[in-house]
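Q: this is a predicted model, with the sequence first.
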Amino acid sequence: MDVDERRRLIELFLRRCVTYADASIERKRKRGEDDEIIAEWLAYRDFTEHTASEVASGVLDTWLEDGPIPDEDNSQNSDSGN
């Protein structure tokens, strides 16, 4: 499987996770669950959406290649120093 196929599959998976999280958050709100639990789900949802966008843009392509995992200190950092 080439990097383009891997990127597409991982992005699809992550977008499905976001959809699931959105639905789960809505269910939790309707049940009146604790705001802290909902905040944790919102953080998960936001992080997953951000990651899906990074995968789709190609920023994380080195993570999708065969071979050793890139060294964090030497890999491209999409975080902009934050």
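A: Good, I have the coordinates. Quick caveat, the model's predicted, so the values are computed rather than measured.

Q: in what element of secondary structure is residue 27 found?
A: Assigning secondary structure by DSSP states H and E places residue 27 in helix 3-31.

Q: low-confidence ranges in the chain?
A: Of all residues in the chain, those with pLDDT under 70 make up the ranges 70, 72-82.

Q: apply 90 and report the result again.
A: Low-confidence regions of the chain, defined by pLDDT under 90, span residues 1, 62-82.

Q: circling back: what helices or strands is the next helix or strand after the helix holding residue 27 leaning on?
A: Downstream of helix 3-31, the next assigned helix or strand under DSSP H and E is helix 35-57. Helices and strands in packing contact with helix 35-57 are listed as helix 3-31; criterion 3 or more CB pairs under 8 Å, 6 or more residues apart in numbering; DSSP states H and E. Glycine gets a C-beta too; all of them are placed from N, C-alpha and C.

Q: I'd like to know how far residue 45 sits from residue 27.
A: The spacing between residue 45 and residue 27, counted by CB to CB, to the nearest Å, is 13 Å.

Q: which one's more surrounded, those two?
A: Just comparing residue 45 and residue 27: by other CB atoms under 10 Å the higher neighbour count belongs to residue 45, 18 against 11.

Q: chain neighbours aside, what residue packs nearest to that one?
A: Using CB to CB, 6 or more residues apart in numbering and skipping the chain neighbours, the partner closest in space to residue 45 is residue 21 (3.8 Å).

Q: residue contacts, that neighbour?
A: When contacts are counted by CB atoms under 8 Å, 6 or more residues apart in numbering, residue 21 is found next to 41, 44, 45, 48.
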